[in-house]
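Chemist: can you look at this prediction? I've put the sequence above it.
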Amino acid sequence: MAILRVALDVPLNTLFDYLAPDTEITAQDVGARVLVPFGRNMMTGVIMEVTAYSSVPSPKLKHAAHIFRDVPPLPEGLIALFRFCSEYYHHPLGEVVMNGLPNRLRSNKPFTRKVPSACQYGLTLTGRKADTSIIPARHIVKHRLLARLRESRVMSISDAKQLSPRAPKALNELITLGWIEEIPFAHPATPVPAAQALQIPVLTTDQRNAVDVIAPEIGEFNTWLLHGVTGSGKTEVYLRLISLVLRQARQTLVLVPEINLTPQLEAVFRARFPTLRLVSLHSGLSPSERAAGWLQAQEGAAEIVLGTRLAVFTPLPKLGLIIVDEEQDASFKQQDGLRYSARDVAIFRAKQAGVPVILGSATPSLESHYNAVTGRYLRLRLSSRAVKNAALPVVRCIDTRAAKTKESFSPPVISALERCLALNQQSLVFINRRGYAPVLLCKSCGWAATCERCASRLVVHLRDKRLRCHHCGHQERFPNVCPECGDQDVVPFGHGTQRVEAALAEYFPGARIMRIDRDSTSRKDAWQHMLRDIHEQRVDILVGTQILAKGHDFPKLSLVSILNSDASLFSTDFRASERLFAQLMQVAGRAGRAGIPGEVLIQTEFPDHPLYHALRQHDYDLLAQTLLEERKTAGFPPFVYQALLRAEAPKIDTALGFLTSAVAVAKALGEIEVFDPVPAQMARLKGMERAYLLVQSGSRKKLQAFLGAWRTKLDALPSRKVRWTVDVDPMDF
DNA sequence: AGCACGCCGACT
DNA sequence: GTCGGCGTGCTC
């Protein structure tokens, strides 16, 4: 009787053996999903191996209930990728495998592919004449659907879903009522491309060079670092290479950071390749849609798979190229569960598949930069802007020790904004802090509002008169008096986007000001509408957080002011400068992209800091060299390889106690540098106390070997009330 | 992780 | 006398 070795979504570092449900089991079934009894439940897992014998005593073995043959089994390569991740990140294989599957395929129910809805919806005669007031006013979705249909006659299911996620249900009820009917599509939804949409831009010398160098290497593994200043046209290089890959009938995987950038890039791809079969895996998809896209990729039908970090686990039988855009972005590292770096997994995957991987960035991570310096990655530079006459913006520092700020603004920034307004040009004010003020203080006793579940200050949101924790989402009412001393003098301290917006409104009563942060863009489609307003010049001054920094072109923008970024200069996090630099380069890059000369003003108390110096010169390499030297002296990555043992417990001493015994175990294993356990930066989060222990080594191999042995020993350690995980190549401390 | 079993305090 | 607390141990 064949034995199935099954990966299950449980935090145990083992596969589970089952007797095959019938005799028709072959090696073909490796990679298939399987329904098995586990404990007292049924669970869905993936068959990792089919063997003849099991080391589990036979009375314990149960029969698998059912092998799903609704979708093809996972390809061998993907299983190998999962095994690699499990080993490298020291995370249970079952969790890695199940984490990689779309949710819909993790369930115990077979997958039935829904025929993509080939119809639109329109009003019936009854519906057109009907009195909508007989529908209760609280059925907002129904009213909106009807109103929209009276306007536009027809709408597709996706139009309806844009109105509300509950629209399908409302539609069905209205169909039952006889007000709405299904209208079959006359034509497939593929729009005929306008001739001018296909105009292909002429490449700059740098772009041409990059394409010419990479093109002959398609079909071979190499890691390319496409290092291009903001606005240098990295996307155009991607497009040229993708078109080569398309011609070979192979698939391209494009990974993007976790922001609403996916639709932008999707539109660019569709405009260039009108008949392209593209699957976009973003957070807005329903489980069925995601599974459907995933299957199209697995069947080789999708030519491009575009998505955020999870997309790195999409099965791609005809993979020809991987692109990781904005490779330095922190969102490629998952911060819970399997703590993988999608960028690093992508590189492994490219190597495994024998295809090139392109890491694109204006400000590469120091790790990638170093790999390019040592020759492990091949760097290609795009050093000029792609749009004719678009020069890099002039960057100036405003010394706020000399030019005193009032409500966050120094006189030079105010006059620059005035100038911009007079010239009818747009300007951007960057302050990376949401809310009105980052802290609420009592002037009398020094009390500050803090989150009861986290070790964080509550942020003042004046608009809704509430205090909010930006770490756990907790919110409470704004106190009228200090809860400590009863004094009435509780005041917001410091500046966030809302306060800056209010100050600007005072300075420039006539200006059209728009605030752009997670609060103002959280409503569905809000950001899209705001983008349109910006493009159509209905806005003079944009105030916002890093959400503004990424990927968007604002052609009319000529001035960028950065109000308050000094805090990150002297952070305890050794990666803070690198991140700040990347962020400021990105924001600065928003200015002057379409021929208007751009200007960037940075308010700082440390205008002589090397970071600002490099920024003024647009000199990434200069700063990278400085930072690398610092890291080398201090013994930080990329000169060492690190891992964290993270522990959390209701009481900090429990976590620290566990870590202390882990230190003893680690020291006994030897050959590795072990640091003392310390409380995490955000020591308390969501009611849990957190601490970590850092280990590092100059050799990745040694670190890996150590982690394997260490983890086995840690599993045996008593860990009452403590939850612990290993974080390889940690990004957050 | 779930989910059992299992042994000690405040309630009908 | 029971209901229920979460400590410990197992899941093929």
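Modeler: Everything's here; your move.

Chemist: please make it C-alpha for all contacts and neighbour counts, starting now.
Modeler: Fine.

Chemist: for residue A:461, phi and psi?
Modeler: Main-chain torsions, residue A:461, degrees, to the nearest 10: phi -110, psi 100.

Chemist: and if you look at residue A:290?
Modeler: Backbone torsions of residue A:290, given as degrees, to the nearest 10, read phi -60, psi -50.

Chemist: from what I can see it touches residue A:113, true?
Modeler: No - the criterion here is C-alpha atoms under 8 Å, and residue A:290 misses it with residue A:113 at 11.4 Å.

Chemist: more neighbours: which of those two?
Modeler: Neighbour totals were compared for residue A:290 and residue A:113, and residue A:290 leads with 21 against 13 (other C-alpha atoms under 10 Å).

Chemist: OK, contacts around the more buried one?
Modeler: Contact analysis of residue A:290 by C-alpha atoms under 8 Å, 6 or more residues apart in numbering lists A:102, A:104, A:281.

Chemist: whichever of those residues end up buried, select them in ChimeraX.
Modeler: Listed next is the ChimeraX selection for buried residues among the contacts of residue A:290, using 16 or more other C-alpha atoms under 10 Å:
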select /A:102,104,281
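
Chemist: do you know how far the residue of chain A most remote from its centre is from residue A:627?
Modeler: Distance from the C-alpha centroid of chain A peaks at residue A:129, with 47.2 Å (C-alpha atoms, centre = their mean). Distance from residue A:129 to residue A:627, counting by C-alpha to C-alpha, to the nearest Å: 70 Å.

Chemist: please apply the same query to residue A:598.
Modeler: In terms of C-alpha to C-alpha, residue A:598 sits 27 Å off from residue A:627.

Chemist: now swap in residue A:322 and tell me
Modeler: 29 Å.

Chemist: one more: residue A:38?
Modeler: Residue A:38 is 51 Å from residue A:627, by C-alpha to C-alpha.

Chemist: neighbour count: those two, which is higher?
Modeler: Taking other C-alpha under 10 Å, residue A:38 and residue A:627 do not tie; residue A:627 has more neighbours (19 against 13).

Chemist: ok, the residue nearest the centre of chain A - contacts?
Modeler: Closest residue to the average C-alpha location of chain A: residue A:258 at 2.1 Å, with C-alpha atoms, centre = their mean. Contacts for residue A:258 (C-alpha under 8 Å, 6+ apart) come out as A:308-309, A:331-332.

Chemist: try it again with 10 Å
Modeler: Counting by C-alpha atoms under 10 Å, 6 or more residues apart in numbering, residue A:258 touches A:282-283, A:307-309, A:329-332.

Chemist: that one looks like it's in a strand, true?
Modeler: No - looking at residue A:258 with DSSP: H, G, I helix; E, B strand; the rest coil, it is coil, so not inside a strand.

Chemist: burial check on residue A:137, number of neighbours?
Modeler: By other C-alpha under 10 Å, neighbour count at residue A:137 equals 11.

Chemist: likewise for the one 4 residues further on?
Modeler: Around residue A:141 there are 20 other residues, counting by other C-alpha under 10 Å.

Chemist: pretty sure it sits against residue A:173.
Modeler: No - here residue A:141 lies out of contact with residue A:173, judged by C-alpha atoms under 10 Å, at a distance of 11.2 Å.

Chemist: where do the contact lists of these two overlap?
Modeler: With C-alpha under 10 Å, 6+ apart as the test, residue A:141 and residue A:173 both reach residue A:167.

Chemist: taking the stretch 351-500 of chain A, what residue is nearest to DNA strand C?
Modeler: Using C-alpha to the nearest atom of the strand, the single residue of the stretch 351-500 of chain A nearest to DNA strand C is residue A:453, 17.6 Å away.

Chemist: wait, I meant the stretch 201-350 of chain A
Modeler: Closest point on the stretch 201-350 of chain A to DNA strand C, by C-alpha to the nearest atom of the strand, is residue A:337, at 17.2 Å.

Chemist: that residue and DNA strand B, how far apart?
Modeler: 10 Å (C-alpha to the nearest atom of the strand, to the nearest Å).

Chemist: so that residue makes contact with residue A:95?
Modeler: Yes - in terms of C-alpha under 10 Å, residue A:337 counts as a neighbour of residue A:95; the distance is 8.4 Å.

Chemist: ok, those two, which is more surrounded?
Modeler: Neighbours were counted for residue A:337 and for residue A:95 using other C-alpha under 10 Å; residue A:95 has more, 21 against 15.

Chemist: and the next element down the chain from the helix or strand that that one is a member of?
Modeler: Counting by DSSP states H and E, the element that carries residue A:95 is helix A:93-100. Sequence-wise, the next helix or strand downstream of helix A:93-100 (DSSP H and E) is helix A:103-106.

Chemist: for that following helix, give me every contacting residue.
Modeler: Taking C-alpha under 10 Å, 6+ apart as the rule, helix A:103-106 contacts A:8-9, A:33-34, A:43-46, A:68, A:70-71, A:98-100, A:110-111, A:286-292.

Chemist: with that, I have no additional questions.
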